[in-house]
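> would you be able to build a 3D model of this:
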Amino acid sequence: MTGRQGSSSTRAGKIRAARLTDLAALGELSRLAQAADSGARSLGLPVAGPPIGVFTLFRLPLGAFRPHDLLYVHEVGGRLGGLLRVERDGHRDEWTIVELDAIGHGDAGDIRYRLVQACLREVAKRGATRFHVACADRDGNVELFMQAGFARYGDELISFRPPDRALPAPLTEEEVGTLGIRPVGPTDAVALFRLYSAVTPQPVQRLEMSRIADWEPQQSGALMPRSSLTPILRFADVETFLMEAPEGAADPTAVVGFVQVGVAKEEQPHYLRILARPGLDAAPLVRFGLGVIAARTERRDHRRDQGVIAPLRTYESPLEHRLEEEGFGTIATVTLLMKETLVRVAEPALVPAVR
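Numbering: from 1, shown residues only. Alright, predicted model coming up:
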């Protein structure tokens with residue numbers, strides 16, 4: 001299942017790349033890890049149990065497995081005791097750890113740490129520049145990744161709108177036009193980057209190193225902006241829209257809002273991601289996004305009972321109130337961590353000449 005079949009071995013078992021013959025054991029391992037009440041849990045994204053399950057959200061059908069995805073397992077005496085799955089961002093050479101499970105008594109934490117270390121070593125050989133992970137701050141998750149060299153740089157609130165609440169009717173074309181909402185086009189990269197820069201604090205911008213080029217493929221359903229739930233977009237039909245500044249604004253070409261919609265193709269919640277400039281009432285964006293989901297699920301005969309999930313950074317907290325007004329409730333807070341494999345070098349700059 002991976003291109004490199006390396007492994008590391010000790011008396012406590014060995015870490016190796018997964019094989020196709022491991023699939024049945026991996027499914028059972030993931031099920032047992034979710035059922036455990038100890039630290040032998042997965043990353044906790046976003047919660048365990050109904051209506052959202054960790055492995056349900058991030059399960060990996062064989063048809064969706066990409067050649068550059070990697071899956072590592074911990075094996076003892078022919079039995080699997082842990083797994084780690086990492087996915088590569090195809091647009092940038094960055095990797096995201098999306099599942100980390102282990103079962104055992106007192107050694108589950110050690111198994112998970114060894115899996116992370118083996119992954120970092122193997123993927124670094126492929127030229128990876130950065131690793132991302134999002135996890136719940138419990139069961140030693142954050143401490144484990146910080147010991148492995150990850151830096152904690154933010155938190156996200158995970159909001160969920162239950163399926164028993166009917167989705168609102170889609171906005172009419174006239175309402176959409178009045179709000180200035182339209183699909184993202186190939187020439188909107190600069191405006192979207194400026195919106196991201198207006199919303200995101202400078203320290204986070206420096207760490208995420210988002211570039212204008214990263215926003216260019218939005219019209220084809222790329223995964224910017226990054227969130228803790230980005231991996232589930234692989235199993236969704238993704239559309240992106242923006243809201244233009246109203247007439248009479250100081251900069252009529254500016255983009256004041258952004259909405260990304262993922263309509264689920266698998267048994268998982270639909271996805272909603274909002275960016276809004278400070279001071280903008282984001283309620284119309286939320287209603288528009290829910291209306292798009294309602295229209296797409298009706299037209300494409302999708303199941304309508306998964307609910308809608310929406311991540312938002314803690315510095316975007318005003319959005320939380322707009323989501324609550326539309327039936328969302330916060331179900332979890334997750335921590336964002338990142339590890340860089342390259343050393344940053346300050347670029348030379350011109351300075352005033354002095355005598």
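
> helices and strands of this structure: which one has the lowest mean pLDDT?
Here the helix or strand of the chain ranked lowest by mean pLDDT, DSSP states H and E is helix 54-58, holding a mean of 44.

> buried set for the very next helix or strand once past it?
Using DSSP states H and E, the helix or strand that follows helix 54-58 in sequence is strand 70-76. Buried residues in strand 70-76, counted by 16 or more other CB atoms under 10 Å: Leu70, Leu71, Tyr72, Val73, His74, Glu75. C-beta coordinates here come from the backbone N, C-alpha and C atoms, glycine included.

> model confidence over strand 70-76, on average?
Across strand 70-76, the average pLDDT comes to 84.

> please enumerate residues in contact with it?
With contacts defined as CB atoms under 8 Å, 6 or more residues apart in numbering, strand 70-76 is touched by 1-2, 12-18, 22, 26, 80-86, 102, 111, 114-115, 118-119, 122-123.

> that strand: how far from the chain's middle?
Offset of strand 70-76 from its chain centre (CA atoms, centre = their mean, to the nearest Å): 23 Å.

> what ranges does the stretch 251-355 of the chain have for its strands?
255-264, 270-276, 308-313, 329-340 (DSSP state E, counting those that start in this stretch).

> which elements pack onto the shortest one?
So that's strand 308-313. If you count contacts as 3 or more CB pairs under 8 Å, 6 or more residues apart in numbering; DSSP states H and E, strand 308-313 packs onto strand 151-161, strand 270-276, helix 318-325.

> by contact count, what packs against the shortest one?
It refers to strand 270-276. For strand 270-276, the packing partners by 3+ CB pairs under 8 Å, 6+ apart are helix 189-199, strand 236-244, strand 255-264, helix 283-299, strand 308-313, helix 318-325.

> I'd like these as TSV, with mean pLDDT, mean neighbour count and distance to Ile331 appended.
As requested, these are exported to TSV (pLDDT from 0 to 100; neighbours: other CB atoms under 10 Å; distance: least, CB to CB, whole Å):
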stretch	mean pLDDT	mean neighbour count	distance to Ile331
helix 189-199	92	19	23
strand 236-244	91	20	19
strand 255-264	92	24	17
helix 283-299	91	20	17
strand 308-313	94	24	8
helix 318-325	92	17	12
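
> and of the ones you listed, who's closest to Gly140?
Each of the helices and strands packed on strand 270-276 has some distance to Gly140 by CB to CB; the shortest is strand 308-313, at 22.8 Å.

> still on that earlier bit, nearest to Ala191, of the helices and strands packed on strand 308-313?
Closest to Ala191 of those is strand 270-276 (CB to CB; 11.7 Å).

> ok so, going back, of the contacts of strand 70-76, buried ones?
1-2, 13, 15-18, 22, 26, 80-86, 102, 111, 114-115, 118-119, 122-123.

> just to revisit the earlier point, dump the strands of the stretch 251-355 of the chain into TSV; add distance to Met146 as well.
Formatted as TSV, these follow (distance: least, CB to CB, whole Å):
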stretch	distance to Met146
strand 255-264	30
strand 270-276	27
strand 308-313	20
strand 329-340	7
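
> still on that earlier bit, in helices only, show me the buried ones among the contacts of strand 70-76.
Under the assignment DSSP state H, the buried ones among the contacts of strand 70-76 contribute Leu26, Ile111, Arg114, Leu115, Ala118, Cys119, Glu122, Val123 to helices.

> let me see the domain layout of this protein.
The chain breaks down by automatic domain parsing into domains covering 7-149, 159-340.

> what's the span of the longest one, first residue to last?
I take that to be domain 159-340. This stretch, domain 159-340, spans 29 Å end to end (CA to CA, to the nearest Å).

> check the offset of that domain from the chain's centre.
13 Å.

> list the contacts for Gly327?
Arg161, Pro162, Arg165.

> thinking again about what came up before, any chance of the helices and strands packed on strand 308-313 in TSV, plus distance to Gln205?
Formatted as TSV, the helices and strands packed on strand 308-313 follow (distance: least, CB to CB, whole Å):
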stretch	distance to Gln205
strand 151-161	11
strand 270-276	13
helix 318-325	18
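
> one step back: just the buried ones from the contacts of Gly327, in PyMOL syntax?
Per 16+ other CB under 10 Å, the buried members of the contacts of Gly327 correspond to this PyMOL selection:
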select buried, resi 161+162
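
> list just the nearest of the contacts of Gly327 to Ser210.
Distance to Ser210 across those (CB to CB) is lowest for Arg161, with 27.6 Å.

> sorry, back to before: which one of the contacts of Gly327 is nearest Leu285?
Nearest to Leu285 out of the contacts of Gly327 is Arg161 (CB to CB; 14.6 Å).

> so what's that closest one up against?
Contacts for Arg161 (CB under 8 Å, 6+ apart) come out as Leu290, Gly307, Val308, Ile309, Ala310, Leu323, Glu326, Gly327, Phe328, Gly329.

> and if we set it to 6 Å?
Gly307, Val308, Gly327, Phe328 (CB atoms under 6 Å, 6 or more residues apart in numbering).
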